[in-house]
Each structure stands twice: as C-alpha cells, then as structure tokens.
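K.L.:
Sharing a model that was predicted from the sequence below.
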2 protein chains.
Amino acid sequence: MAATGTAEQTEYLERLTDAGLLIPSGVPGVYGRGRDFEEVRLAFDAYLSRQREPGVELMSFPPLLPREHLEAAGYMKSFPHLAGTIFAFEGDERSALALQERVVEGADWSEFQRMSDVALVPAACFPVYPAIASRGPLPAGGAVVDPGDAWVFRHEPSADPSRLMSFHQREFVRLGEAEAVEAWRDAWRDRGLELLRDLGLDARYDLGADPFFGRGGKMLVSSQREQRLKFEILIEIAGPDPVAVASFNYHQTHFAETFGILTAAGETAHTACLGFGHERVTLGLFKRHGLDIGDWPTEVRQLLWQ
Amino acid sequence: MAATGTAEQTEYLERLTDAGLLIPSGVPGVYGRGRDFEEVRLAFDAYLSRQREPGVELMSFPPLLPREHLEAAGYMKSFPHLAGTIFAFEGDERSALALQERVVEGADWSEFQRMSDVALVPAACFPVYPAIASRGPLPAGGAVVDPGDAWVFRHEPSADPSRLMSFHQREFVRLGEAEAVEAWRDAWRDRGLELLRDLGLDARYDLGADPFFGRGGKMLVSSQREQRLKFEILIEIAGPDPVAVASFNYHQTHFAETFGILTAAGETAHTACLGFGHERVTLGLFKRHGLDIGDWPTEVRQLLWQ
C-alpha cells in the first residue's frame, strides 16, 4: 500500500503520463487511459477473443454485484482488505444539508452514508457462477463462459503503475467434471504463455497463490500451492520484481457449492477460471516495444491488429 | 425507488430475462447482459463512433473517480441520493475476524468499512474536466473529447428494466467559448434525434431537467428549464411514460470554474456534453423490433452492423 513507488516505478509512470498513455486522477491506482493505451488494450482483448474455443457462451456484467454474493463466497473472510463496498445516502433534506455542510468544511461525512446491497466486482468470473446456477444443472460436458473484458476492483492504492485499483480482467470460466476442468485449466496455461510470448513478452509461468489476508492467510497460501490450484504468468514491468499478467485457477467445488451448480449427472460441479490483466499486459507491451506503437515490430502489430 | 414495477414493466422484464437478454442478479437494477443484448449495445456504440466529427480526442476512464471531484463539482449538494461512495476495510486481524463473524450471522458489518478516496462515476463526462484542466489552457477553438462507452452509477434501485443502477453512457464533451459550445450542443441534439429515428425509434426531444434533490432542487429544475440548459430525447420502453435515452447539456462555466479550465484567451471556458444511455437505446430497439435480432428490418441491421 506504499503511496510512493520505487525510483523505477516512478520513472516509468512519469514516462507513461508524459506520453499521454496514462492520465493521473490524483488518487494512486486510478488513471484515465489515452487513445494509444486503449487501442492496444482493445487489440489485445480482440486477440484473446480470436483464440477462444468454439461453443463458448458470451455474457457481460456491470462492475458491481450483490454484496450477498461476496459474503456467500467467503470473499470477506479471505480478502477483506481488497473488497470495495458501495455506500449511499438515504436520509431526508435535513441530513442532506448536514452532509453538504461537512463537504464544504472538508470534514468527514461518512456517517451520512449507509451500506447498500452492492459491492464492486473483485474478479470478472464472480457474477458468472450465480448466473449459471440459476438455470439448473449444467448440460452434459459442462460449459465455458466468456464474461468479456470486465472492470474489477482491488483496494490497494499504490504508486506502482502496474498495481491499479480499477482495471480490466478478461476471464474465461469452465464449469463441469473435475478432470475436464483441470485439464482445460492446464491447456490454457500453456496456450496463454505462448500467446504472450508471441507478442514479444518475456513471460514464464509459475505456481501462484492468492493474497489471502492475515496469519490464517499464510496457511491458505501453503495449501493452495501444495494442491497446485493456481498458476500465474509473470513478466517484468516497472522494475525487477515480476508481476502476474495472467492466472489460471482451479476452484475445485468452492463456487459450485456456494451457488449450487450441478453437473448434468446431478453432482456438485468443479470450476476453473483463467484471467488476463489487460492493463498489465498493455503496460508490458509498451515497456517491451516502446511508447510509440508505430515503432512496434511488424509481427506484433500484425498479431494485434491483423 | 419502487421495488415493484408496473405490470407492463414486470412483463417486459420477464420477456427479456426469458430470452436471455438480461440476467437478474437478485438486486433490482443490476443485471448481466446476454450475448445478443451486448452485441446490439456494442453495435450502437460503434454507430455513434462513426458519427463523430474529426479531431475528437479519445480517452477512457474507470468506473470510479476521486471522491474529491464529486465534492468539488457540487454533486453531493445536488444529487446526494444518487451518489455511490466506496468503502473499504482498513482494520487488523482482530477486526477482520469480527467482520467475518457478522457476515456469518447475517448481521450488519458496515462499521468495519471506512470511506475511501474514491466514488462511483455518476456521468461519463465527469473525469474529463479535471483531465483537461491539468494540461493548462485549451487550444484555440477549444476541444472535443470522447471518453468512450463508460459505466456510470445511480443509486436508484427499481424494478423498471429501463432504470438501472449500473449502465453505460456514451458521451461527447465540448469545451471552449460560450457560443461555440452552445451551438455544438444544439447541432448534436438535432443530429442525435435523427440518428435514433433512423434506427426506427419513435423519438422526440424536449426540454429536460436533472433530478435535483429535495425542495431546493425544485428551484434548480425551474432555473435549468428557463435557461434551456438541458434537452432530452425521449422514447417509450416499458410502458407509456417516456424515458430519456439521450441528453444534451450546457453547463455554462460550472465545470470549468470547478476544475479551472481556461480558453486559449485565458477566459473561463464553457462546457457542454451529450450522452446516450446505451442500455435504454438497446432496450428500446428490442421493444421496437422484437427480441430476435434476425427479424429486425434490414435497414436497421445495416445501419448498426454496416
């Protein structure tokens, strides 16, 4: 949660800002994107769409979801520090006046906000599980869902341009029998690595773990690693510490039990998801090939813009 | 804020859900979108991009912005009932355990959330003003900015499928001298009406007003109407009460004064924005032409998908 970054991070952020690729908002981790940044991001998104296997169902979800879904899936237990909940005003005219007085004074007006029924989406796949569960059992062979490029939120204000509070994830979600789901996850991990290397990125994969909260979280990390539930693809962006640009996650029956997803045979389904972090891939491409898209290698441009 | 809609709204919502166009989340006003819905929405978005005048600057912003910007622009004074602020956890392990106990009990855990520095974007144009202000005075002739299709939030849970809490706005923003800005707004109002009528929508424009809060708000509405600051394009969707699918707003110097935007001559700039509500236009098209895109009139399909 460092408000100041390393010299390397600060320098890369300044270069990105000067080139108009990122537009600082005044809050760390919240940036507007300039034309070229968004053009690369959308081209990468389309590149991923072209790799999608046939028969995938497309859905699209807003950046917020029922708070109840976060609670039910144990997100507040595992990642309370990353969640964002939405509060709103429900008072009368007198309260509204008092609120505005506080605003004018620059004082705390949080007491005039009440917790609403909605929270910010923490991962693009989250809204998929209850949506699929509501239809009844999966078809034979299970299902693959593509919820498109989605805005997700992590409350970790940082001066590192590769650690944003609000960013795009592109995920694919597989639901079905255990073996099929795990095999799909592994196949996509290998394919994902190839896709990123083809764009010139110096990527490698490794076992990964989620940023579970607190002391109890350390045990969860160990267990997740032992069971090889999470793989990540890593690249260097602003500094020598590699960051994850993609992750490949096997949830076993976690989400299916939470939301009640059954296979065609009536058993609890297994699920896996894979996700690419659009902004990190985009930042990685600008780092690798330079800030002027016109100078990028022809083969990379062709892959992105066909 | 009705949790139950009219018979007509409920019926249209059911038809949209049965057809897989909208996917209920369990919270009124928050829906996933099925493939065809999103296909139409994106086609409409591209249709708007093709109408854009040359020389427009493209930017893109996340669904959240610094809370300070809402406060500075007077949003909490005019629309406290519509704003969404983001709260997060900043406690230690003990607090995290207490939070999770409340979650398990189904009890209120809002006391474990603190107001963060960010809030939800209430209108697509909002982040544009501070971004432009940070560059110094406008070039001669001013500027036009297209912040793309953006997620915006209004805290008004409703059973009417045309009143969403989280939806896309596509706005264009004009900044410059008073006469140029107002003329641009009026030209786009006429062009916007034509664009929507070309798609078969029974659209008309009228003077409009923002949903200002409380008794004081009534005076603001009168003043806004008298000064002809806001026009809206209206269509019928689920029921006889028309809803606004687009609005054309002249802000005079409101945003320029708030964020410090100057013309090339060093005067306080004037601004205007126009916005289309993507989901409402999409719902209107499904209402007008039927739920099966394949059956839509050829001329409408050609305009949308060229």
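P.N.:
Good, I have the coordinates. Residues are numbered from 1 along each chain as shown, chains lettered A, B, ... in the order given.

K.L.:
I'd assumed residue A:8 was in contact with residue A:159.
P.N.:
No. Using CB atoms under 8 Å, residue A:159 is not in contact with residue A:8; the gap is 11.2 Å. The way it works is simple: take the backbone N, C-alpha and C, and place the C-beta from them, glycine included.

K.L.:
where does chain A have its least confident helix or strand?
P.N.:
Lowest on mean pLDDT, DSSP states H and E among the helices and strands of chain A sits helix A:214-226, with a mean of 91.

K.L.:
mind listing what's buried in that one?
P.N.:
For helix A:214-226, the neighbour count (16 or more other CB atoms under 10 Å in any protein chain shown) marks A:214, A:217, A:220, A:224 as buried.

K.L.:
go on, stretch A:96-106?
P.N.:
In stretch A:96-106, counting by 16+ other CB under 10 Å, buried: A:96, A:99-100, A:102-103.

K.L.:
what's the single longest helix in chain A?
P.N.:
Scanning chain A for the helix with the most residues, using DSSP state H, yields helix A:178-198.

K.L.:
next helix or strand past it?
P.N.:
strand A:204-207 (DSSP states H and E).

K.L.:
Could I get the contacting residues of residue A:52?
P.N.:
A:146, A:172 (CB atoms under 8 Å, 6 or more residues apart in numbering or on different chains).

K.L.:
Swap in 6 Å and give it another go.
P.N.:
Contact analysis of residue A:52 by CB atoms under 6 Å, 6 or more residues apart in numbering or on different chains lists nothing.

K.L.:
Just the pLDDT for it.
P.N.:
Predicted confidence (pLDDT) for residue A:52: 93.

K.L.:
What's the separation between it and residue A:267?
P.N.:
27 Å (CB to CB, to the nearest Å).

K.L.:
got the phi/psi numbers for residue A:115?
P.N.:
Residue A:115 adopts backbone torsions of phi -60, psi 130, taken as degrees, to the nearest 10.

K.L.:
Correction: the previous question concerned residue A:141.
P.N.:
The phi/psi pair for residue A:141 (degrees, to the nearest 10) is phi 90, psi -10.

K.L.:
Then the one 10 residues further on?
P.N.:
Dihedral angles phi and psi of residue A:151 (degrees, to the nearest 10) take the values phi -80, psi 130.

K.L.:
can you list contacts of the least confident helix or strand of chain A?
P.N.:
A:207, A:209, A:212, A:230, B:93, B:96.

K.L.:
ok, the closest residue in space to the second one that isn't next to it in sequence to residue B:99 distance?
P.N.:
When the adjacent residues along the chain are set aside, residue A:209 lies closest to residue A:221, with 4.2 Å between them (CB to CB, 6 or more residues apart in numbering or on different chains). When distances are taken as CB to CB, residue A:221 and residue B:99 turn out to be 20 Å apart.

K.L.:
any idea how chain A splits into domains?
P.N.:
Domain assignment for chain A by automatic domain parsing gives A:7-84+A:122-305, A:86-119.

K.L.:
mind giving me JSON lines with those and columns for distance to residue B:255?
P.N.:
Below are the domains of chain A laid out as JSON lines (distance: least, CB to CB, whole Å):
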{"stretch": "domain A:7-84+A:122-305", "distance to residue B:255": "15"}
{"stretch": "domain A:86-119", "distance to residue B:255": "17"}
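
K.L.:
contacting residues for residue A:193?
P.N.:
Residue A:193 touches A:203, A:205, A:233, counting by CB under 6 Å, 6+ apart.

K.L.:
make it 10 Å
P.N.:
Residues near residue A:193 by CB atoms under 10 Å, 6 or more residues apart in numbering or on different chains: A:201, A:203-205, A:231, A:233, A:246, A:248.

K.L.:
Next: residue A:250.
P.N.:
A:174, A:178, A:181-182, A:184-186, A:224, A:227-231, A:270-274.

K.L.:
Only whichever of those are buried, select them in ChimeraX.
P.N.:
The following ChimeraX line selects those of the contacts of residue A:250 that are buried, judged by 16+ other CB under 10 Å:
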select /A:174,178,181,182,184,185,224,229,230,231,270,271,272,273,274
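
K.L.:
Thought residue A:272 was touching residue A:176, still the case?
P.N.:
Yes. Here residue A:176 lies in contact with residue A:272, judged by CB atoms under 10 Å, at a distance of 9.1 Å.

K.L.:
Could you name every residue contacting both of those two?
P.N.:
A:144, A:184.

K.L.:
is it true that residue A:39 lies in a strand?
P.N.:
No. Read with DSSP: H, G, I helix; E, B strand; the rest coil, residue A:39 is helix and lies in no strand.

K.L.:
and the residue of the stretch 201-306 of chain A nearest chain B?
P.N.:
residue A:214 (4.5 Å; CB to the nearest CB).

K.L.:
All good on my end, thank you.
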